[in-house]
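*Asks:* starting from these lines, generate the structure:
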Amino acid sequence: MLFKKNSLIIMASTAAIFMASCGEKKEQAASSEQAPVLVEVSKPAGTSEEGFIEASGQVESARSVNITTRAMGYITQLSVKVGDPVKAGQVLFVINSADIKAKSAQTDAMIAQADAALKSAQKDYDRYTALYKQQSASAKELDQVTLQYQSAKAATDAAKQMKNEVSANLSYTTVTAPFSGIVTQKFVEQGGMASPGMPVLTIEQAGSLQVTASIAENQIAQLSLGNSATMNIASADETIEGKIIQINPSSQFSGGQYVVKISLPANNKQLYAGMFVHVQIPVKAKTLVNKDLSGTVVVPIKSIIYRDQLTGIYTISSQNTALLRWVRLGKTMGDQVEVLSGLSNSEQFILSAEGKLYNGASVKIK
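*Replies:* Here you go, the predicted model:
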């Protein structure tokens, strides 16, 4: 009896301990449940079916030129550097011209020799012409003297043309600015070799900027010269209005995209060539080429998740949980990136979160 009583006491104690531990686990599980993560959501930008075409672009100089030379030689003087303003006609660099100057001296000697021969031939021609009139010289003799005179004259003309050629080559050794602007690139330093066709400097016209944007083939027919455009330049925190000033009718050398140029206000000190631009061009909705097209989907780069070689973006499920969606990205436009697949322009995505996100994490929209 005593043994049975002790067994019952032990069993009761074990059951109590088990129930207590289960209660503690339930309390721990309850306390480990995290509060929903506060998130900010957004919808992608893109081609609006309400009458807008959106595209990426870049600020560039309206007039830019690579400065080259036709002469080959070492650069003996290079008086400008990147960022320097230059005026039209200002000397940019000078090439060693000792060999060309030597040829110039040779042509001067050839001209002097040809002039002396021409003067002698001229005298013979005048003398034989007078003798022929006096019938003291034959026609054959006059013809020979005439040919000698014409040959001497041609030799003089040839020597002078050689002088012109040498002078032209000599002029290529001193290179001047074709217009007023700013030096934006320098490819060769003083003492380096300049070669025909090889750029030495790049000059851009100051204060004259434009935006170059790429338009898809299914949208280019909706645009025409003079259309207004709204340009958002995030890096300069500027939103500017402009007009289409040029439409390239061919996409042969631009990867299937049609290049459109849009004007910018002159002398805007906040803008620099190379800045990325988000362009929005209003069009008539009824003229859309294909209303079934969802258009270009664009999202901020900061919303993209990178996992090894994969890229994704968090969306919100019907249970208000975070759902990682794998997407394929296209071209980058400043702080925006194009989404080629994996996200439609009607879906919400998580722009930012006040906590750590993972698949299945409970979220709450701010």
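
*Asks:* could you list the buried residues of the helix or strand residue 112 falls within?
*Replies:* Here residue 112, judged by DSSP states H and E, is contained in helix 98-133. Going by neighbour count (16 or more other Cβ atoms under 10 Å), the buried part of helix 98-133 is 100, 103-104, 107, 110-111, 114, 117-118, 121, 124-125, 128, 132. The C-beta positions use only the backbone N, C-alpha and C, and glycine is treated the same way.

*Asks:* likewise for stretch 269-281?
*Replies:* Applying 16+ other Cβ under 10 Å to stretch 269-281 flags 271, 275-281 as buried.

*Asks:* how about the helices in this structure?
*Replies:* Assigned by DSSP state H, the chain shows helices spanning 2-32, 98-133, 139-171.

*Asks:* what is the mean pLDDT for the first one?
*Replies:* With pLDDT averaged residue by residue, helix 2-32 scores 46.

*Asks:* re the thing from before, quick one: the helix holding residue 112 to helix 139-171, angle?
*Replies:* Counting by axes from the mean of the first three to the mean of the last three Cα atoms, to 10 degrees, helix 98-133 lies at 160 degrees to helix 139-171.

*Asks:* which neighbouring elements make contact with helix 98-133?
*Replies:* helix 139-171 (3 or more Cβ pairs under 8 Å, 6 or more residues apart in numbering; DSSP states H and E).

*Asks:* can you give me the buried ones in the helix it packs on?
*Replies:* Residues of helix 139-171 classed as buried by neighbour count (16+ other Cβ under 10 Å): 142, 145, 148-149, 152-153, 155-156, 159, 162-163, 166, 169-170.

*Asks:* stretch 229-245 now?
*Replies:* Within stretch 229-245, the residues that qualify as buried are 229-234, 236, 238, 240, 242, 244, counting by 16+ other Cβ under 10 Å.

*Asks:* thinking again about what came up before, how far does the helix holding residue 112 sit from the chain's center?
*Replies:* Averaging C-alpha positions (Cα atoms, centre = their mean, to the nearest Å) puts helix 98-133 57 Å from its chain's average.

*Asks:* ok, back up a step: of the buried residues of helix 98-133, which is the nearest to residue 253?
*Replies:* Closest to residue 253 out of those is residue 100 (37.3 Å), distances taken as Cβ to Cβ.

*Asks:* let me see the contact set for the closest one.
*Replies:* Contact partners of residue 100, counting by Cβ atoms under 8 Å, 6 or more residues apart in numbering, are 71, 166, 169-170, 173.

*Asks:* now do residue 192
*Replies:* Residues near residue 192 by Cβ under 8 Å, 6+ apart: 74-75.

*Asks:* residue 102 now?
*Replies:* Counting by Cβ under 8 Å, 6+ apart, there are no residues that residue 102 touches.

*Asks:* over to the one 5 residues further on?
*Replies:* With Cβ under 8 Å, 6+ apart as the criterion, the residues that contact residue 107 are 159, 162-163, 166.

*Asks:* look up how far residue 163 lies from it.
*Replies:* 4 Å (Cβ to Cβ, to the nearest Å).

*Asks:* what's the burial count for the closest residue to residue 92 other than its chain neighbours?
*Replies:* Nearest residue to residue 92 in three dimensions, chain neighbours excluded: residue 175, at 5.1 Å (Cβ to Cβ, 6 or more residues apart in numbering). When neighbours are counted by other Cβ atoms under 10 Å, residue 175 registers 22.

*Asks:* nice, that's everything, thank you.
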